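Chemist: return a 3D structure for these sequence lines:
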Amino acid sequence: MLKLKEAKAWKEIMAEEKEHMMMCKKDMDEDQLAWWKETKEDIAERKRLLRGASSTLRGDTPMSCGGDGGVEDSTTGAYGGA
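Modeler: All right, here's what the predicted structure looks like:
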């Protein structure tokens with residue numbers, strides 16, 4: 001059921017993005033262009049959120065940031081110390 005809802009959300013946002021991107025910008029005034037850019041950014045943000053939510057639900061997020069677990073010594077700039 002969750003995958004069905006996720007697929008529906010993706011379908012809706014992709015349709016909205018396609019419709020938005022098909023708008024002719026050359027005839028727009030400054031206010032309309034500002035609205036167009038704002039809406040484009042809003043769609044991109046919602047896609048990022050949906051992508052993040054779907055990967056979290058699948059368990060695709062890494063448990064660490066890829067570090068080796070060492071702590072850098074700020075006085076020497078190295079992991080070993082003085």
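
Chemist: secondary structure element holding E19?
Modeler: Per DSSP states H and E: E19 is located in helix 2-21.

Chemist: buried sites along that helix?
Modeler: Buried residues in helix 2-21, counted by 16 or more other C-beta atoms under 10 Å: I13, E17. (C-beta placed from N, C-alpha, C; glycine too.)

Chemist: show me where this structure has its helices.
Modeler: For the chain, applying DSSP state H gives helices covering 2-21, 30-58.

Chemist: coming back round to it: between helix 30-58 and the helix holding E19, find me the angle.
Modeler: 160 degrees (axes from the mean of the first three to the mean of the last three C-alpha atoms, to 10 degrees).

Chemist: if we can go back for a sec, and the helices of the chain, which one averages the lowest pLDDT?
Modeler: Lowest mean pLDDT within the helices of the chain: helix 30-58, at a mean of 89.

Chemist: on contacts alone, who are the packing partners of it?
Modeler: helix 2-21 (3 or more C-beta pairs under 8 Å, 6 or more residues apart in numbering; DSSP states H and E).

Chemist: which strands and helices sit next to the helix it packs on?
Modeler: helix 30-58.

Chemist: send the alpha carbons of stretch 27-45 over as CSV?
Modeler: Provided in CSV are the C-alpha atoms of stretch 27-45 (Å, rounded to 0.1, in the frame of the first residue of the first chain):
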residue,chain,number,x,y,z
ASP,A,27,6.0,36.0,-23.1
MET,A,28,6.2,36.3,-19.3
ASP,A,29,6.7,39.6,-17.5
GLU,A,30,9.0,39.9,-14.5
ASP,A,31,6.4,39.0,-11.9
GLN,A,32,5.3,35.9,-13.9
LEU,A,33,8.9,34.8,-14.3
ALA,A,34,9.5,35.2,-10.6
TRP,A,35,6.4,33.1,-10.0
TRP,A,36,7.6,30.5,-12.5
LYS,A,37,11.1,30.3,-10.9
GLU,A,38,9.5,30.0,-7.4
THR,A,39,7.2,27.3,-8.5
LYS,A,40,10.0,25.4,-10.2
GLU,A,41,12.0,25.6,-6.9
ASP,A,42,9.0,24.4,-4.9
ILE,A,43,8.5,21.4,-7.2
ALA,A,44,12.3,20.6,-6.9
GLU,A,45,12.1,20.8,-3.1
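
Chemist: that'll do, ta.
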